[in-house]
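Colleague: Return atomic coordinates for the entry below.
(one chain, ligands or ions: 2)
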Amino acid sequence: MVVKIGTSTLTRSTTGNLALSTIATLVEVLVNLRQQGHQVVLVSSGAVGVGCARLGLTERPRNIALKQAVAAVGQGRLMRVYDDLFTTLQQPIAQVLLTRRDLVHRNSYVNASNTFGQLLRLGVIPIVNENDTVAVDELKFGDNDTLSALVASLVEADWLFVLTDVDRLYSADPRSNPDAQPIALVQSMAQLTEFQVQTGDSRSGWGTGGMVTKIEAARIATASGVRTVITDGCFPANIEKIINGESIGTQFEPQPRPVNARKHWIANVLIPAGKLYLDAGAVNAIAQGGKSLLAAGISQIEGEFKAEDAVRLCDTEGKEIARGLVNYHSLELRQIQGSKSDKIAEILGYAGVETVVHRDNLVIV
Ligand SMILES: Nc1ncnc2c1ncn2[C@@H]1O[C@H](COP(=O)(O)OP(=O)(O)O)[C@@H](O)[C@H]1O
Ligand SMILES: N[C@@H](CCC(=O)OP(=O)(O)O)C(=O)O
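Modeller: Ligands and ions are numbered 1, 2, ... in the order given. Predicted coordinates for the structure are as follows:
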């Protein structure tokens, strides 16, 4: 299982100091779970918050270089605290710092998966955070909710617990809407529209994504077959109760685990760099016929991308119907869009591949 703890739970909002009793209880619970035979990964935020407290900064820095420097200060201190507490209970831990770049390359994704597998077999609890100090804007998770969902998918977890400072998901932000209704179970992501869930952009003083990124995390994780729970981080002992069937927090039911791990990676891990609008015939061939995308079916192209980047495939109205790895650079694709495959060599001056997105690299969303 993967447990994600946010800055709002790890630190006291008034002083910025670590919430030691909460962290100690969490550590005890995770060690208990390990001893019961569960394999556990902890995704912990807090590097920036702890770094700020260490340096006497009273606000989360907006300047990127400052934030990256502060995270470097905080991450070390955070791990020191975790290591002290876990070591007291003879539990080995590991620090795993990831950037999105590490997951968008298939080789490093598979490598990361192998490393997690090895750590878990060794009985270690990996503690994961974004490698804030080197993350660049266009290739970062930005929030640890998304990171935790991608890690849960990577390790094929059964459970993802997103621990935060509210007890569950509500129909609206309970901070500003006292009448907001609690939601105990979400059977499919479509139900969120049915429940008319509003998330606003509210978050705790130190948190990053608010509820929006937690819902996105639930979407990614449940699509990977991971049961996801949003619950109050002040009571880590609830994790055991939830596993034993108690209805605490908000549970998101998982979809069947994807059979094709590579296609799941294309649909959920990669960040699409462009958008291809398809005519009705191409939409039908892809969605109903399971065919590859040919240049003839492309009516419009948005964005700049390289061959092998991920792109969104959309219908004439711009609604995404599929995602895939494109075989051509956007400049080349603009030259051949709408053309029959046997004209590609003549237009480009060399014989390119027949398909723009091969069906093996294409996922219906
Ligand atoms: N529909 C909603 N239900 C529950 N909480 C919500 C909702 N919309 C917004 N929120 C806000 O999301 C906040 C939690 O997000 P955040 O501050 O990023 O926490 P963390 O540091 O744990 O990641 C809550 O404090 C709450 O005010
Ligand atoms: N990597 C950042 C965490 C960013 C983040 O998502 O924070 P939070 O919303 O508190 O989970 C840090 O360690 O401070």
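
Colleague: To which secondary structure element is the residue nearest to residue 132 when sequence neighbours are not counted assigned?
Modeller: Spatial nearest neighbour of residue 132, excluding adjacent residues (Cβ to Cβ, 6 or more residues apart in numbering): residue 71 at 3.6 Å. C-betas here are computed from N, CA, C, even on glycine. Take DSSP states H and E as the rule and residue 71 turns out to sit in helix 64-88.

Colleague: Would you enumerate the residues in contact with the closest residue to residue 108 other than its chain neighbours?
Modeller: Once flanking residues are discounted, residue 108 sits nearest to residue 102: 4.8 Å by Cβ to Cβ, 6+ apart. Counting by Cβ atoms under 8 Å, 6 or more residues apart in numbering, residue 102 touches 108-109, 112.

Colleague: change it to 10 Å
Modeller: If you count contacts by Cβ atoms under 10 Å, 6 or more residues apart in numbering, residue 102 has them with 96, 108-109, 111-112, 131, 139.

Colleague: Could you do residue 116 as well?
Modeller: Counting by Cβ under 10 Å, 6+ apart, residue 116 makes contact with 39, 41, 94, 96, 124, 126, 128, 151, 154-156.

Colleague: That one and residue 152, how far apart?
Modeller: Note on residue 116: its distance to residue 152, by Cβ to Cβ, to the nearest Å, is 11 Å.

Colleague: Find the residues that touch each one of those two.
Modeller: Counting by Cβ under 10 Å, 6+ apart, the contacts common to residue 116 and residue 152 are residue 41.

Colleague: gap between the residue nearest to residue 132 and residue 174?
Modeller: For residue 71, the distance to residue 174 under the criterion Cβ to Cβ works out to 30 Å.

Colleague: who's more crowded, those two?
Modeller: More crowded of residue 71 and residue 174, by other Cβ atoms under 10 Å: residue 71, with 27 against 18.

Colleague: was I right about that one contacting residue 55?
Modeller: No: with contact defined as Cβ atoms under 10 Å, residue 71 and residue 55 do not form a contacting pair (11.2 Å).

Colleague: so what's in contact with these two at the same time?
Modeller: Once Cβ under 10 Å, 6+ apart is applied, the residues that residue 71 and residue 55 both contact turn out to be residue 61.

Colleague: Could you list the low-pLDDT ranges of the stretch 151-300 of the chain?
Modeller: Along the stretch 151-300 of the chain, the parts satisfying pLDDT under 70 run over 200-209.

Colleague: now with 80?
Modeller: 194-196, 199-210 (pLDDT under 80).

Colleague: Which stretches in the stretch 1-150 of the chain count as strands?
Modeller: Secondary structure of the stretch 1-150 of the chain (DSSP state E, counting those that start in this stretch): strands at 2-5, 41-44, 93-98, 125-130.

Colleague: Please apply the same query to the stretch 201-350 of the chain.
Modeller: Residue ranges of the strands in the stretch 201-350 of the chain, as given by DSSP E, counting those that start in this stretch, are 227-232, 250-252, 274-278, 298-302, 310-314, 320-325.

Colleague: Quick check: which of the ones you listed is buried the most?
Modeller: Comparing those on average neighbours per residue, with mean count of other Cβ atoms under 10 Å, the densest one is strand 250-252 at a mean of 25.

Colleague: roughly how far is stretch 298-316 from the heart of the chain?
Modeller: Stretch 298-316 has its average C-alpha position 22 Å from the chain's average C-alpha position, going by Cα atoms, centre = their mean, to the nearest Å.

Colleague: State the number of residues packed around residue 286.
Modeller: Neighbours around residue 286, by other Cβ under 10 Å: 24.

Colleague: show me the contacts for it.
Modeller: Contacts for residue 286 were tallied using Cβ under 10 Å, 6+ apart; they are 278, 292-294, 297, 313, 315, 321-322, 324, 357, 359, 362, 364.

Colleague: For ligand 2, tell me which of those residues show up nearby.
Modeller: The subset of these lying close to ligand 2, counting by Cβ under 6 Å from any ligand atom, is empty.

Colleague: Residue 144 and residue 150, how far apart?
Modeller: Counting by Cβ to Cβ, the gap from residue 144 to residue 150 is 10 Å.

Colleague: which residues do these two both contact?
Modeller: 43, 128, 217.

Colleague: Just the buried ones from those residues?
Modeller: For those, burial is judged from neighbour counts taken by 16 or more other Cβ atoms under 10 Å, and it is met by 43, 128, 217.
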